[in-house]
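# this one's sequence-less:
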């Protein structure tokens, strides 16, 4: 018996020599497993590459089909005309196949046109062979109407009656609470909140201009007879809200201060021919945290209005300062501190009342006391 070897009760050798060759078998098995894994990875990569290739070819095929359809849609006249693409030139039936070179294959374009009552149905098929030789194809269908392209520009032209989809069928500058005048659907009557009870403003529904100021004590403003109750006073409308935030750090985003009595004044500047007329009403939304206002400023074909809308008595300007939303700076078209040559009605011209001496919060700019107002613009 060799040294270092022991026999088991069955006569088999035990020890170091009995373990020879085990590590080699394990290595072979591991290599086999790795080989199968590598084959799977190679197969996966081939599949991914094939799928990516087919996706790219499909995208190219869709583009080719869309180009063919749009080429048919590009007619500029209906009847055949020399030098022009015409609807009548779109041939019917199965057209000749066209070969189109792609990035890594060649596509075959097949086109079929069928007639209809006032239209033509088109069918476009694009086919090709992928890298494995398998046939692939996509099909697009559409309808081309026999409509003269010359009239398509009418889609961008407003109807003579005014802008499309107007709220209540009238200019957005007309307040929502205005009521149509019986016998004249081009006009709407509106009682401005905070005004004397008989005061009615008459609006032109198309332009949104205040055409007349009326005195009509009746409850139903729709029964207003302009010829009997109104004076012509063409005016633009300026509207907005006054909010309140008190304390050392006023909040312009969510002001919660309760409203206090105040007046609004449309003050003409320079060559403007008259001051405006303003009315204020607290909004009944407990707690009363803001007021609404409306100002009517005169306008005519011969003169424009330049001026400022300011807050005043009964508001005590020795106790409160006024901030203007949207920075109310010079040159700010939508929320100016001074309206120069006003040529339209304006809404959302909003203010914030704060304690005197505090800094106007972000998003606002100090408007009053009056000495902080900018000087009037120089004459043109």
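Nice, thanks for sending it over. As the structure is a prediction and not an experimental result, all values here were calculated from the model.

# Which elements pack onto the helix or strand that contains residue 37?
For residue 37, the enclosing helix or strand under DSSP states H and E is helix 22-73. Using 3 or more Cβ pairs under 8 Å, 6 or more residues apart in numbering; DSSP states H and E as the contact test, the elements touching helix 22-73 are strand 106-116, strand 119-129, strand 135-145. From N, CA and C alone the C-beta is placed, and that goes for glycine too.

# from the ones you listed, which stretch is densest packed?
Ranked by mean neighbour count, those are led by strand 119-129 with a mean of 18 (mean count of other Cβ atoms under 10 Å).

# which stretches of the chain form helices?
Assigned by DSSP state H, the chain shows helices spanning 22-73, 226-229.

# how about these in CSV, adding mean neighbour count?
Output for those, formatted as CSV (neighbours: other Cβ atoms under 10 Å):
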stretch, mean neighbour count
helix 22-73, 12
helix 226-229, 14
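
# would a markdown table of those helices with distance to residue 337 and mean pLDDT be doable?
Shown next, in a markdown table, are the helices of the chain (distance: least, Cβ to Cβ, whole Å; pLDDT from 0 to 100):
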| stretch | distance to residue 337 | mean pLDDT |
| --- | --- | --- |
| helix 22-73 | 52 | 83 |
| helix 226-229 | 36 | 87 |
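
# which stretch among these comes nearest residue 281?
helix 226-229 (22.5 Å; Cβ to Cβ).

# Who are the packing partners of the closest one?
strand 210-215.

# in the stretch 101-250 of the chain, which ranges drop under the pLDDT threshold?
150-167 (pLDDT under 70).

# nearest to residue 353, of the helices and strands packed on helix 22-73?
strand 135-145 (60.1 Å).

# got the angle for that closest one vs helix 22-73?
For strand 135-145 against helix 22-73, the angle by axes from the mean of the first three to the mean of the last three Cα atoms, to 10 degrees is 20 degrees.

# rewinding a little: save the helices and strands packed on helix 22-73 as TSV, and put in distance to residue 280 too.
Putting the helices and strands packed on helix 22-73 into TSV (distance: least, Cβ to Cβ, whole Å) gives the following:
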stretch	distance to residue 280
strand 106-116	64
strand 119-129	60
strand 135-145	56
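
# wait, which of those is closest to residue 84?
Across the helices and strands packed on helix 22-73, closest to residue 84 is strand 135-145 (Cβ to Cβ), at 16.1 Å.

# can you give me the offset of the closest one from its chain's centre?
33 Å (Cα atoms, centre = their mean, to the nearest Å).

# Give the pairing partners of it; include direction for each.
Strand 135-145 sits in its sheet next to strand 119-129 (antiparallel), going by DSSP bridges.
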